[in-house]
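Undergrad: With the input below, show me the fold.
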Amino acid sequence: MRKAVIERIRSMETILDTANEKLDALEAATAELKAYQIEIQKLEAYYTSEDWKKDFALDEAAKLPADLKRGVLSEDGIYNMLERNRELLSGSGSENEL
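TA: Residues are numbered from 1 along each chain as shown. Alright, predicted model coming up:
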């Protein structure tokens, strides 16, 4: 009986430690995301600007280098990221999946 109690306590202690580590990591990541909002706002401003439309047109006309990474010119790429950002900041992100 004593052995079972010790094993149960050890098991629960492991769960407690792991949960605290995961919560600490989530808090740190959330703080980093909040601190990065200024940069995300710059990206959103670009996405709704004439510059983005011009850059998109250049891409469509194949006037940009073939090896240029151009995820920002994907109409869905920025939009989807902005939606994910809003959901996470409003608290309606992954917690609904729990």
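
Undergrad: Lowest-scoring secondary structure element of this protein by mean pLDDT?
TA: Ranked by mean pLDDT, DSSP states H and E, the helix or strand of the chain with the weakest confidence is helix 75-90, at a mean of 93.

Undergrad: got a list of contacts for it?
TA: Helix 75-90 is contacted from outside by 30, 33-34, 37, 40, 43-44, 47, 56, 71-72, 93-94, using CB atoms under 8 Å, 6 or more residues apart in numbering. C-betas here are computed from N, CA, C, even on glycine.

Undergrad: Next step: those restricted to strands.
TA: Among the contacts of helix 75-90, none falls in strands (DSSP state E).

Undergrad: By neighbour count, which of those residues wins?
TA: Counting neighbours by other CB atoms under 10 Å, Tyr47 leads the contacts of helix 75-90 with 19 neighbours.

Undergrad: Report the separation between the nearest residue to that residue once chain neighbours are set aside and Thr18.
TA: Nearest residue to Tyr47 in three dimensions, chain neighbours excluded: Ile78, at 4.5 Å (CB to CB, 6 or more residues apart in numbering). When distances are taken as CB to CB, to the nearest Å, Ile78 and Thr18 turn out to be 35 Å apart.

Undergrad: cool, Ala35 as well?
TA: Distance of Ala35 to Thr18, computed by CB to CB: 26 Å.
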